Structure formats: structure tokens, C-alpha cells
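Engineer: What follows is a predicted protein model with its sequence.
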Amino acid sequence: MPLPAAAAGPVYQPPRGCTLDMTVQLHNCQVANHFRCADDPAGDRWVSYADGGGEYFLSHIDRETRWVESISRTDGTIDRLDESGSADHASFSTLLSTGRDDFDFVTVSSLGEVRRYIGFDELTGTTVTISGVTLERTRFELRIEDAAGNFIAQRKGNQFINRDMRLFFSDAETVENAFGDHASTYEAPAAFAFPGDKGFGATKPEFDCDMMMTNLPPVDIKPTL
């Protein structure tokens, strides 16, 4: 598949052979456009994340919400899942059937950097409804290490899932890096738009964009994949 292209104009344009199916306005001045591509395996999807400066990150996940590939629009770095090097892949099906999914997977970047992600997701039993979309809240913890096992960062907090979409969405979380620095983020969905809805294909974020960013994350926090 060709590299997904950034939007041109006010409406997000996915690459040729791909179809936009949902736009999600997020808190913390971000917008996410979700699309599927005909050449990808069934269940795969891409998400384009944009802030006030434009598109900055692309995420490619599979039906089990495994991190297949991600692309940084700021520096061009590509991270891909190391399937053979991963001990326990993320499984959305396991989370739904048991209420908890433990994972231990590895990614390798185009620069050769190895990252190991160890943690869990679990359902909390609470739900919210946003723009008519029912979301279930989860709790998660995630430790990030380098190839030598050195601690890089730890993330923990809450996320949301939608069973029918087989997707995770951000909520509130905290991050601590190897230097002991802490930061908190809140990037929960604020509005959903589907084909025919106002705001579908929007490339400009609408929520919290006038707030001063006084507590920037101490590490590079990738969007929820």
C-alpha cells in the first residue's frame, strides 16, 4: 500500500484504494480520521492523528488491535511490530472474553531502535456514551524498555473500547520517564462523526485548542493505537 498521504484542504483524503469511515474529535486539541484500505488484511485499519499544526502521526492496527505499523509525520520514523520477537501479542478478543489482556510485544523502528512494551488492559465495568457511541472504560498499565531491558517510561491510566469497532480510544493517563519526570494527558473522544455527519473528514481539531499547554509529556507519547 502506498504511504498514506496527509489531507489536502478541509476534508481528509485517505490514500487511493482506502475509504474514510469515521472522524473523532479528541480533547487536547486533536482529531483522528479512521480509514480502511482494500489491500490490507480484513479487520486492519489506519488512523491519522492531527493537532493544530496538521497531521503528525499515522497508526496501522489489525483486528486484534496489534500495533502493525506507525509513521511519524514529524521526522519520518516508521515503527513496525516484531512478530517473531514478541512473547505475547495484544488480543482484543481475549480482553472481551476474559475482561483482561496481558501483552509483551516488541517494535523496531526504521532507525533500528528496539522497544519492548509490557503490560495489560482490563475492563472496569463502566460505560459512557458520546455522540451516540457506547464506550467501555478500561484500565491499563504499560512499561516501555529498550533492547537491553533498560527502563524508558511507564504509562498507566484509563482508555475506552468499542466492541463493534474493535478499537481503543484514549482517556486520562499519567507517564513517568527514566528521570522520574511525570506528566498527565487527557485525550478522550469529544465527538464522533460518520459519513453524512457534520464534521466527517475534518482535519482541524475543535476541543481544548485555546488551552495553554503547561505540562508537556516528558517522553514521546504515541497516540492510542
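Structural biologist: That came through fine.

Engineer: For stretch 32-44, buried residues please.
Structural biologist: 32, 33, 34, 35, 36, 37, 40, 44 (16 or more other CB atoms under 10 Å). All C-beta spots, glycine's among them, are computed from the backbone N, C-alpha and C.

Engineer: right, I mislabeled it, should have said stretch 139-159
Structural biologist: For stretch 139-159, by 16+ other CB under 10 Å, it's 140, 142, 144, 145, 153, 154, 155, 157, 158, 159.

Engineer: Now do the contacts for the first one.
Structural biologist: Spelled out, that is residue 140. Residue 140 sits next to 119, 120, 121, 122, 155, 156, 157, 158, 159, 173 when contact means CB atoms under 8 Å, 6 or more residues apart in numbering.

Engineer: Hmm, the third one is touching residue 138, no?
Structural biologist: Yes. Using CB atoms under 8 Å as the test, residue 121 is close enough to residue 138 to be in contact (5.1 Å).

Engineer: Report the two of the buried residues of stretch 139-159 separated the most.
Structural biologist: 145 and 158 (22.8 Å; CB to CB).

Engineer: what's the span of stretch 43-59 from first residue to last?
Structural biologist: In stretch 43-59, first residue to last residue: 14 Å (CA to CA, to the nearest Å).

Engineer: please renumber so the chain begins at 811
Structural biologist: OK, 811 is where the count begins now, so the last one is stretch 853-869.

Engineer: circling back to that earlier point, please produce TSV containing the contacts of residue 950, extended by distance to residue 999, pLDDT and secondary structure.
Structural biologist: What follows is those, written out as TSV (distance: CB to CB, whole Å; pLDDT from 0 to 100; DSSP: H, G, I helix; E, B strand; the rest coil):
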residue	distance to residue 999	pLDDT	secondary structure
929	22	98	strand
930	22	99	strand
931	17	99	strand
932	20	99	strand
965	18	98	strand
966	20	98	strand
967	15	99	strand
968	13	99	strand
969	11	99	strand
983	14	98	strand
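
Engineer: any weak-confidence spans in this structure?
Structural biologist: For the chain, residues meeting the criterion pLDDT under 70 lie at 811-819, 1022-1035.

Engineer: how about it, which residue sits the furthest from its center?
Structural biologist: residue 958 (25.5 Å; CA atoms, centre = their mean).

Engineer: Which residue comes closest to residue 934 once chain neighbours are left out?
Structural biologist: Using CB to CB, 6 or more residues apart in numbering and skipping the chain neighbours, the partner closest in space to residue 934 is residue 947 (4.8 Å).

Engineer: Distance of the closest residue to residue 838 other than its chain neighbours relative to residue 840?
Structural biologist: Nearest residue to residue 838, sequence neighbours excluded (CB to CB, 6+ apart): residue 997, at 4.6 Å. Separation of residue 997 from residue 840 (CB to CB, to the nearest Å): 6 Å.

Engineer: closest to residue 906 among the buried residues of stretch 949-969?
Structural biologist: residue 969 (14.2 Å).

Engineer: Please determine how far that closest one is located from residue 842.
Structural biologist: 14 Å.

Engineer: coming back round to it: tell me the secondary structure at the residue farthest from the centre of the chain.
Structural biologist: coil (DSSP: H, G, I helix; E, B strand; the rest coil).
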